[in-house]
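> what follows is a predicted protein model with its sequence.
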Amino acid sequence: MLTIRRAHDRGHANHGWLDSHHTFSFAGYSDPKHMGFRALRVINDDRVEAGRGFGTHGHKDMEIISYVLEGALEHRDSMGTQGTILPGDVQRMSAGTGVMHSEFNGSKSELVHFLQIWLIPSKMGIAPGYEQKTFSAEKTRGALCLVAAPEGRDGSVTVTSDAAIYAGLFGEGEEATHALAPGRHAWVHVAKGEARVNGHALQAGDAISFTDEPEVRVEGTTSGEVLVFDLG
């Protein structure tokens, strides 16, 4: 079964400095029909104005993935980690028993556009952790490159959730297929541009869920960036 969730059906909050779209219920947006999908709990599509950001705040028992589409996102946390996340980078922060962090757009002129993704961990109360890796356009062009998975499989960042995340950049004529093992599910999110997924035309912010389907097939039309979540 395939179910499409269009970008315009998402929750939306505009705080001036932050323009955020919520695929699933989050903060002031509550929809009992969209509380998450399997281990995938949050996809927030955030645009942060220059010189602004999220002040220090806490999380617990959640795997948090930051995926930058435009600009640069600065990160600091209570584990002593400091760094900058750029397009092509995947950052994972395991909140575990508790962590404080902040995210900031240090640019004086450019916004930062990024996805913040929350995964429900398979085990609660783990030690907090941080990891960041870069996946070049050569790896993701016309392919579905594994960027996050349990045990850091195939060079991906490590997550403790029953989830694997694949990223791909697709232009016209480029396509890739991901097989779903029996009992697995998938959520496909078009992060930028457009793509066809199993024959369905999707635009930026659109998503499609897979249940009892054998494979995910992504085809480029003009230019698109796609995330595929393989979920238990």
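Sure thing, it's come through. Residues are numbered from 1 along each chain as shown.
> quick one: the helices in this protein?
For the chain, the helices defined by DSSP state H cover 137-140.
> biggest strand in it by residues?
strand 215-231 (DSSP state E).
> tell me which residues touch the residue nearest the centre of the chain, please.
Note on the chain: the residue nearest the mean C-alpha position is residue 117, at 4.4 Å, using CA atoms, centre = their mean. Counting by CB atoms under 8 Å, 6 or more residues apart in numbering, residue 117 touches 40, 42, 43, 44, 64, 65, 66, 67, 165. Any C-beta I mention is one placed from the backbone N, CA and C, and that applies to glycine too.
> same check on residue 58?
Counting by CB under 8 Å, 6+ apart, residue 58 touches 98, 99, 100.
> residue 118 contacts residue 62, doesn't it?
Yes: here residue 118 reaches residue 62: they are 5.2 Å apart, a contact under CB atoms under 8 Å.
> which one of the two is surrounded by more residues?
residue 118 (21 against 18; other CB atoms under 10 Å).
> could you measure that one against residue 159, distance?
To residue 159, residue 118 is 11 Å away according to CB to CB, to the nearest Å.
> which neighbours do the two share?
63, 65.
> quick one on the thing from earlier: any residues in contact with both of residue 118 and residue 62?
In terms of CB under 8 Å, 6+ apart, residue 118 and residue 62 are both contacted by the residues residue 41.
> and residue 12, how many neighbours does it have?
If we define neighbours as other CB under 10 Å, then residue 12 has 12 of them.
> so what's it closest to, chain neighbours aside?
Distance criterion CB to CB, 6 or more residues apart in numbering; nearest residue to residue 12, sequence neighbours excluded, is residue 21 at 5.4 Å.
> pretty sure that neighbour is touching residue 29, no?
No: counting by CB under 8 Å, residue 21 does not reach residue 29; the two are 9.2 Å apart.
> more neighbours, those two?
In this view residue 21 and residue 29 are compared by other CB under 10 Å, and residue 21 has more residues nearby, 21 against 17.
> give me the pLDDT value at that one.
At residue 21, the model reports a pLDDT of 98.
> can you pull the contacts of residue 205?
Applying CB under 8 Å, 6+ apart, we find residue 205 in contact with 6, 7, 8, 10, 21, 45, 190.
> distance of it relative to residue 193?
Residue 205 is 11 Å from residue 193, by CB to CB.
> just checking, residue 89 touches residue 69?
No: between residue 89 and residue 69 there is no contact under CB under 8 Å: 10.8 Å.
> please identify the buried residues of stretch 199-215?
Using 16 or more other CB atoms under 10 Å as the test for burial, stretch 199-215 gives 202, 204, 205, 206, 207, 208, 209, 210.
> contacts only, for the second one.
Residues touching residue 204, when contacts are defined by CB under 8 Å, 6+ apart, comprise 7, 190, 191, 192, 193, 194, 224.
> look at it and report its pLDDT.
So, for residue 204, pLDDT stands at 98.
> measure it to residue 175 for me?
Using CB to CB, we find residue 204 at a distance of 19 Å from residue 175.
> please apply the same query to the fourth one.
Applying CB to CB, the value for residue 206 to residue 175 is 18 Å.
> next: the last one.
Distance of residue 210 to residue 175, given as CB to CB: 17 Å.
> now swap in the first one and tell me
In this structure, residue 202 lies at 14 Å from residue 175, with CB to CB as the measure.
> ok, what's across the strand from residue 65?
For residue 65, the beta-bridge partners are residue 92, residue 117 (DSSP bridges).
> which residues touch it?
Counting by CB under 8 Å, 6+ apart, residue 65 makes contact with 90, 91, 92, 115, 116, 117, 118, 119, 148, 157, 159, 165.
> thank you kindly, that will do.
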